[in-house]
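Visitor: whatever this is, show me its structure:
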Amino acid sequence: MGLFTAIGSIVSTVGSVISGAASCIGTKISGFALNSFKVIARLSKVNTDVGRLISIAAKIIHSVTDFLGIQSEENPETLGAKVEQTDKNLEDFGNDVEAYIKYLKTEVQLDKEKFNKMTLEEKMGCKTVGMALETKAIEQKIGGIEITPECIATLTKIKDSGINIDAKELVGIVQILKESGITNLSDIVEFLEGKGTSDRLKTYKIFSTALGDNGTKKILDLQDAVRKYEKD
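Guide: The predicted structure is shown next:
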């Protein structure tokens, strides 16, 4: 089985899990979850690497969730699995994602027997659903920003290259970007990749300030990590 066929099979299974959660989390978040999975899966060099990359992405998002004081499950795949066990949907909570996550954590008991029988791909789907919910909770908590699937994939590349940006630093960077007028984090992704039509000089100055001391060197390191990943 070729790489793309194998990954396509994983995407199909994960997509089914996400589709099953759509009635509870809504089509917007389920669509975001599927797109995030596809973008991250495309980074994989071998099909067995997909799960590792999704785990890296989920840990990054969860660390920010934890830093912001959002009460979520320790493991995003548990959060995603609980979505399938409840009849309540996000609209029941006024589309307040943080409140919905808290409900899932505190009031829904995980069906461990069912969970333990899931395949690795199905659990991957649950993890992606949990990650998507946490991402949207972060957006609402900070307010006025958009975290795209491409942004999550870029953070995954950076982490996988060995560069560590902890949650406190990451939130601080996002806050400065927001205050400076960069609210769609895809602008930073395009800047690091050397793509897009945004004002690169303006983005450079704002991003360098957001990164703090040695901002220029940090930018070069991040660009190198992201672009090397594309070449490998």
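Visitor: ok, then the element right after the lowest-mean-pLDDT helix or strand in the chain?
Guide: Lowest on mean pLDDT, DSSP states H and E among the helices and strands of the chain sits helix 3-25, with a mean of 86. Tracing the chain past helix 3-25, the next element assigned as helix or strand by DSSP states H and E is helix 27-41.
Visitor: off-centre distance for that following helix?
Guide: Its chain's C-alpha centre and that of helix 27-41 lie 9 Å apart, by Cα atoms, centre = their mean, to the nearest Å.
Visitor: let me know the angle separating it from helix 3-25.
Guide: On the basis of axes from the mean of the first three to the mean of the last three Cα atoms, to 10 degrees, helix 27-41 is oriented at 160 degrees to helix 3-25.
Visitor: what residues sit buried inside helix 27-41?
Guide: 29, 30, 32, 33, 34, 35, 36, 37, 38, 39, 40, 41 (16 or more other Cβ atoms under 10 Å). (C-beta placed from N, C-alpha, C; glycine too.)
Visitor: return the member of the residues you listed nearest to residue 203.
Guide: Closest to residue 203 out of the buried residues of helix 27-41 is residue 39 (20.9 Å), distances taken as Cβ to Cβ.
Visitor: and that closest one, what pLDDT?
Guide: Here, the pLDDT recorded for residue 39 equals 94.
Visitor: residue 157 now?
Guide: pLDDT, residue 157: 94.
Visitor: also residue 64?
Guide: Note on residue 64: pLDDT of 98.
Visitor: which residue packs closest to it, ignoring adjacent ones?
Guide: The shortest distance from residue 64 to any non-neighbouring residue, by Cβ to Cβ, 6 or more residues apart in numbering, is to residue 167 (4.7 Å).
Visitor: ok, the one you found - contacts?
Guide: Applying Cβ atoms under 8 Å, 6 or more residues apart in numbering, we find residue 167 in contact with 63, 64, 66, 67.
Visitor: mind checking the SS state of the residue most central in space within the chain?
Guide: With distances taken as Cα atoms, centre = their mean, the residue of the chain nearest its centroid is residue 152 (4.5 Å). What DSSP: H, G, I helix; E, B strand; the rest coil gives for residue 152 is helix.
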